[in-house]
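Enquirer: coords below, sequence missing:
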């Protein structure tokens, strides 16, 4: 094909090309490239076999990561979910590091010290510590039962007991009183009209 002359550009003058080349050489770019290559040569193992093994290992690791990228995605999702839960429960974490929370940590540590002293005296955890598995399972179930019982008590029983004590026992204990509506004697007579006899029968007056 043919290219019209109007769509072409004349080449630069030879003097301009030589001047640009001289500026490039004099700017220090070649020296910086040389220093970079020297630095790479210094960190590169002298034995090319070691370099080949390292590159092969890196390639294998990257290949495994690429083949199991879904696992990496799940790990990132789990990390993001954990961070979200921690952010939503930031007040609880703040309480953990408060003076009251640190006192709780100290008490839990003291309990852990006693438990850690007790367990080796029963049996080695490494050689004959298989008994720990059913014990821990039973402990977990017991703690779960206690937790469910606490929730059930708070959800159903607490209000009923609270009303019973606050509406019945506590007022009577603070202001003891009795309301007599009717007292019938052995002969069938109504005795509630005679207040003095009523109090004498109850033992309030001699």
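Expert: Okay, I see it. These numbers were taken from a predicted model, which means no experiment stands behind them. Residues are numbered from 1 along each chain as shown.

Enquirer: per-residue pLDDT of the residue most central in space within the chain, please?
Expert: Most central in the chain under CA atoms, centre = their mean is residue 86, positioned 5.5 Å from the mean C-alpha point. Each residue has a pLDDT score; the one for residue 86 is 88.

Enquirer: the strand or helix carrying it: which residues count as buried?
Expert: Assignment of secondary structure by DSSP states H and E places residue 86 within helix 69-88. For helix 69-88, a neighbour-count test (16 or more other CB atoms under 10 Å) marks nothing as buried. Glycine gets a C-beta too; all of them are placed from N, C-alpha and C.

Enquirer: any weak-confidence spans in this protein?
Expert: 45, 47-48, 119-131, 172-173, 175-178, 180, 191-195, 198, 202-206 (pLDDT under 70).

Enquirer: which residue ranges of it form helices?
Expert: 14-26, 29-43, 48-67, 69-88, 90-96, 99-122, 132-152, 158-164, 170-174, 195-202 (DSSP state H).

Enquirer: which of those helices sits closest to residue 185?
Expert: Distance to residue 185, taken as CB to CB, is lowest for helix 195-202 among those, at 8.9 Å.

Enquirer: between the helix holding residue 86 and helix 48-67, how many degrees?
Expert: 70 degrees (axes from the mean of the first three to the mean of the last three CA atoms, to 10 degrees).

Enquirer: give me the residues contacting helix 69-88.
Expert: Contacts of helix 69-88 with the rest of the structure, by CB atoms under 8 Å, 6 or more residues apart in numbering, involve 65, 93.

Enquirer: how distant is it from the center of its chain?
Expert: Distance, stretch centre to chain centre, for helix 69-88: 12 Å (CA atoms, centre = their mean, to the nearest Å).

Enquirer: re earlier: the helices of the chain into TSV, with extra columns for distance to residue 3?
Expert: What follows is the helices of the chain, written out as TSV (distance: least, CB to CB, whole Å):
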stretch	distance to residue 3
helix 14-26	22
helix 29-43	34
helix 48-67	46
helix 69-88	49
helix 90-96	70
helix 99-122	81
helix 132-152	83
helix 158-164	93
helix 170-174	106
helix 195-202	129
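
Enquirer: looking at those helices, spot the one closest to residue 7.
Expert: Closest to residue 7 of these is helix 14-26 (CB to CB; 22.0 Å).
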